[in-house]
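Visitor: Generate a structure from the sequence data that follows.
(2 chains)
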2 protein chains.
Amino acid sequence: MSVEATVIEMAKRAKQAARKVAAATTDQKNRVLSSIADKIEARAEAIQAENRKDIERAKEMGLTPAMIDRLTISDATIASMAGGLRDVVALPDPVGEVTSSEERPSGIKVSRVRIPLGVIGMIYESRPNVTIDAAGLCLKAGNAIILRGGSEAFHSNMVLAACIADALEENDLPKEVVQLIPMRDRDAVNVLLKQEAYLDVMIPRGGEGLIRFVTENSLIPVLKHYKGVCHVYVDSEADLEKAKAICMNSKVQRPGVCNAMETMLVHKDVAAEYLPLVGQAFKEAGVTLKGCPETRKHIAWAEEAVEADWPAEYLDLTLAVKVVDSVDDALDHIAAYNSGHTEAIVTKNEATARRFVQEADSSAVMVNASTRFNDGGELGLGAEIGISTSKLHAFGPMGLEELTSRKFVVYGNGQVRQ
Amino acid sequence: MSVEATVIEMAKRAKQAARKVAAATTDQKNRVLSSIADKIEARAEAIQAENRKDIERAKEMGLTPAMIDRLTISDATIASMAGGLRDVVALPDPVGEVTSSEERPSGIKVSRVRIPLGVIGMIYESRPNVTIDAAGLCLKAGNAIILRGGSEAFHSNMVLAACIADALEENDLPKEVVQLIPMRDRDAVNVLLKQEAYLDVMIPRGGEGLIRFVTENSLIPVLKHYKGVCHVYVDSEADLEKAKAICMNSKVQRPGVCNAMETMLVHKDVAAEYLPLVGQAFKEAGVTLKGCPETRKHIAWAEEAVEADWPAEYLDLTLAVKVVDSVDDALDHIAAYNSGHTEAIVTKNEATARRFVQEADSSAVMVNASTRFNDGGELGLGAEIGISTSKLHAFGPMGLEELTSRKFVVYGNGQVRQ
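Guide: Now for the predicted structure:
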């Protein structure tokens, strides 16, 4: 079969399988998840053997050590995939939840009931554990899923997908509930993005290039996360010790992730006191600062910030710093450069905090807390499949609820429309 | 300015205006809505004079009487636009609603708060009242909106947009909260669909061609409604008198709308009794039937159904009829041909009803009630801006809540991530 015919056939089968998994009981879905976890542990050696094929090929192709690290399935990765699945077993099943219910003047009883989205397409890069994490969440929410992993993780993904397929069949669900596209061919993605008759949503996870490609070519709605240009604003009425701890944590604890701070905004009234204090801490942590002229008056070693620094997502130990005149000035800067991800304010003034919360237009707004809390686990979603930076359907971390939709259910007794 | 520069400038201004209207109080938004209603009534003569220009042009261009009817702003249209706005005033403001709230183990307090979507783009055809209805709902939900009406309603839309602009400015909101693209040029749509930096969602309303064009060309997420191929399944345990009333209402009351029935499925055990009964009623109502061979045994005058009848949206007094062996058979037919809009079952058996409700994969599933109840007003949303037949963000009628998103708001006391 051609690539096109193969992908279309997979999409059709996914839609058929979606009916079965939508009707599966919570218990049945949980048994599948537990069984995948058991198989991953039982087959760890075989999984790591396949993973080594990918690693060898990656080395031949000259991938960076960081990329090879992300590709590697260590013993800890095995434990983390299995543990993640068992965590999902413990989460409540969102399907069937009645979110509202009322009797209308016509006498019909109207309720809104949570349902699976249907068929989810997932396109992702390098980390093979995404195969397991994504499949587990989608399946618990009653969805079928078509996975397209990075070509560099091909063998790893295939052997993980086999664990899932076996677990599905042993628990009386069709193996087409979770399908991995079994070819490296780039054309497969182009074909998949046109199957709007069978797929309900596409979730790309990876670099900006991948996400842009999916957005531009997909006829299927896309849930996307471009980047995290997160700001912390230190207000004139901030507790400066707390501000320092929050800014350090937001920047330094894990600089390579999307909820790390990229720009720090400091009110002019506290700049002279706060900047030398926090500057010293950043210096000790090895952070490169890119400062506005006012910043450099207080931190002499800071480099000069240029326009390109304000929209930059460094994902690294680099931070842009700007002194602002007021909370309005901070909000204007954020409106101009933010990416819809996370903003934080440090202040003791409740009115200022309220304004910031209302006007900072991002998926999560923190008052006196680190930007690093914008995370499905920390915010109480249990687990996340990604973080959406656009407002349609989901804004922020996407957990099980975000992998569902709702339908109207109407019970009548012969009612007709007048 | 070129078309491109004009549209991009409008999009930028809409994004700036969105910050203002997002922060507006409920009272301020309601005053704008009331003021638009007052102006429409006060300026009725001028509005109808502009509308006559469109009608004359439409006649010259040879538009059908039905199209000219939809284009016409009668006294009743004036009253209905003003009344619709006052209904929206009475609806609760969704913005600011706290939909959940909890303290996490880390000590941060996490809530989810309803926020406007931001900037909505709306592309629609012929009916100028959509200009008012859409603007009213979007504005109440705190959004800015860019309207692109049909070129045939150009003068009507311009004069209605002027009422809105005046009402905004009189109530201290920028007139860029609601903008109408002031040119007929088709290129304007192409430019608008690429402004993902400024717009949050596109809502096309019109024929399948328009919606497909928007879906294929938009970089902005699209909320869409393709068509309504709605089914009523008359079960072996149906009350046949109720079935007849429901099927008649679903087909005949307003055959040109998307929630009208297009295919009737009848269980074989009741076909001999039910089909002659309902067939006679359809005959008297002037309905053309397209029946499967089994149907035509019981309704001799029914025409022969061909494959093209099963996915057809007739929007007319024509109905496809098929005899099925079981509820499974009915669900299989629905899975193959439905459009995600509305399905209904008539049965006295609760278990059968439950199965149908769970498995019929549409935005609204009716038990013993007409398909015509899939409507924002009837289902309790107050008013609707359209009906979504895809599951992302909204599935079914879209009211005020569907014109919003939610963000996470976190209050801490200096917490950092461990």
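
Visitor: Leaving out the residues flanking it, which one is nearest to residue A:100?
Guide: Nearest residue to residue A:100 in three dimensions, chain neighbours excluded: residue A:112, at 4.9 Å (Cβ to Cβ, 6 or more residues apart in numbering or on different chains). In this view, the C-beta of every residue, glycine as well, is placed from N, C-alpha and C.

Visitor: Would you mind pulling up the elements that the top strand by length along chain A packs against?
Guide: Counting by DSSP state E, the longest strand found in chain A is strand A:404-415. The helices and strands touching strand A:404-415, judged by 3 or more Cβ pairs under 8 Å, 6 or more residues apart in numbering or on different chains; DSSP states H and E, are strand A:109-116, helix B:240-252, strand B:364-369, strand B:396-397.

Visitor: now these as JSON lines including distance to residue A:91 and mean neighbour count?
Guide: Output for those, formatted as JSON lines (distance: least, Cβ to Cβ, whole Å; neighbours: other Cβ atoms under 10 Å in any protein chain shown):
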{"stretch": "strand A:109-116", "distance to residue A:91": "14", "mean neighbour count": "20"}
{"stretch": "helix B:240-252", "distance to residue A:91": "40", "mean neighbour count": "22"}
{"stretch": "strand B:364-369", "distance to residue A:91": "27", "mean neighbour count": "27"}
{"stretch": "strand B:396-397", "distance to residue A:91": "26", "mean neighbour count": "27"}
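
Visitor: Let's have the ones you listed in CSV, adding distance to residue A:18.
Guide: Output for the helices and strands packed on strand A:404-415, formatted as CSV (distance: least, Cβ to Cβ, whole Å):
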stretch, distance to residue A:18
strand A:109-116, 7
helix B:240-252, 27
strand B:364-369, 17
strand B:396-397, 19
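
Visitor: picking that back up, distance check, the residue nearest to residue A:100 against residue B:50.
Guide: 41 Å (Cβ to Cβ, to the nearest Å).

Visitor: Kindly report the same for residue A:92.
Guide: The gap separating residue A:92 from residue B:50 is 56 Å, by Cβ to Cβ.

Visitor: These two: which is more packed in?
Guide: Higher neighbour count among residue A:92 and residue B:50: residue B:50, with 20 against 11, using other Cβ atoms under 10 Å in any protein chain shown.

Visitor: Wait, a helix at the more buried one?
Guide: Yes - assessed with DSSP: H, G, I helix; E, B strand; the rest coil, residue B:50 lies in a helix.

Visitor: I'd like the next helix or strand past the helix or strand hosting residue A:121.
Guide: Using DSSP states H and E, residue A:121 maps to strand A:119-124. On the C-terminal side of strand A:119-124, the closest following helix or strand by DSSP H and E is helix A:129-140.

Visitor: right, is that next one up against chain B?
Guide: No - counting by Cβ under 8 Å from any Cβ of the partner chain, chain B is not contacted by helix A:129-140; separation bottoms out at 13.6 Å.

Visitor: Check stretch A:326-340 too.
Guide: Yes - shown here: stretch A:326-340 in contact with chain B (Cβ under 8 Å from any Cβ) through residue A:335.

Visitor: Other residues contacting that stretch?
Guide: A:226-231, A:233, A:235, A:263, A:265, A:267, A:310-311, A:313, A:322, A:324, A:343, A:345, A:352, A:355-356, A:359-363, A:389-391, A:395, B:19 (Cβ atoms under 8 Å, 6 or more residues apart in numbering or on different chains).

Visitor: Please convert the buried members of those residues into ChimeraX selection syntax.
Guide: The buried subset of the contacts of stretch A:326-340, as determined by 16 or more other Cβ atoms under 10 Å in any protein chain shown, is captured in ChimeraX by this line:
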select /A:226,227,228,229,230,231,233,235,263,265,267,310,313,322,324,343,345,352,355,356,359,360,361,362,363,389,390,391,395 /B:19
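
Visitor: which residues does the closest residue to chain B within the stretch 251-400 of chain A contact?
Guide: Of all residues in the stretch 251-400 of chain A, residue A:369 sits closest to chain B, at 2.9 Å by Cβ to the nearest Cβ. Counting by Cβ under 8 Å, 6+ apart, residue A:369 touches A:246, A:344, B:108, B:410-416.

Visitor: Skipping its backbone neighbours, what lies nearest it in space?
Guide: Nearest non-adjacent residue to residue A:369 (Cβ to Cβ, 6+ apart): residue B:412, at 2.9 Å.

Visitor: mind listing what's buried in the longest helix along chain A?
Guide: The residue-count maximum for a helix in chain A (DSSP state H) belongs to helix A:3-22. Using 16+ other Cβ under 10 Å as the test for burial, helix A:3-22 gives A:3, A:6-8, A:10-11, A:13-15, A:17-22.

Visitor: According to the record, where do the domains of chain A fall?
Guide: A:3-224+A:395-411, A:230-378 (automatic domain parsing).

Visitor: Show the end-to-end separation of the last one, please.
Guide: In this case it means domain A:230-378. 17 Å (Cα to Cα, to the nearest Å).

Visitor: If you tally nearby residues, what's the number for residue A:216?
Guide: Applying other Cβ under 10 Å, we find 12 residues neighbouring residue A:216.

Visitor: phi, psi of it?
Guide: Backbone torsions of residue A:216, given as degrees, to the nearest 10, read phi -80, psi -20.

Visitor: ok, it touching residue B:219?
Guide: Yes - counting by Cβ atoms under 8 Å, residue A:216 touches residue B:219, with 6.5 Å between them.

Visitor: re earlier: cross-check the buried residues of helix A:3-22 against chain B and keep the overlap.
Guide: Among the buried residues of helix A:3-22, chain B is touched by A:19, A:22 when using Cβ under 8 Å from any Cβ.

Visitor: Quick check: the farthest pair among the buried residues of helix A:3-22?
Guide: When Cβ to Cβ is used, the two most widely separated members of the buried residues of helix A:3-22 are A:3 and A:22, lying 28.4 Å apart.

Visitor: Can you name the residues of the stretch 251-400 of chain A that neighbour chain B?
Guide: A:253, A:335, A:353, A:357-359, A:361-370, A:372-375, A:378-380, A:390-393, A:395-397.

Visitor: can you do 6 Å?
Guide: Listed as neighbours of chain B in the stretch 251-400 of chain A under the rule Cβ under 6 Å from any Cβ of the partner chain: A:253, A:357, A:363-370, A:372-373, A:379-380, A:391-393, A:395-396.

Visitor: Which residue, other than its chain neighbours, is closest to residue A:193?
Guide: Closest to residue A:193 by Cβ to Cβ, 6+ apart is residue A:218, at 4.2 Å.

Visitor: now swap in residue A:67 and tell me
Guide: Using Cβ to Cβ, 6+ apart, the nearest residue to residue A:67 is residue A:126, at 6.2 Å.

Visitor: Next, count neighbours for the one you found.
Guide: Around residue A:126 there are 22 other residues, counting by other Cβ under 10 Å.

Visitor: can you check residue A:190 too?
Guide: Residue A:190, neighbours per other Cβ under 10 Å, totals 15.

Visitor: can you give me the helices in the stretch 51-200 of chain A?
Guide: With DSSP state H, counting those that start in this stretch applied, the stretch 51-200 of chain A shows helices at A:65-71, A:75-90, A:129-140, A:154-170, A:187-192, listed in chain order.

Visitor: Please consider this matter closed, and thank you.
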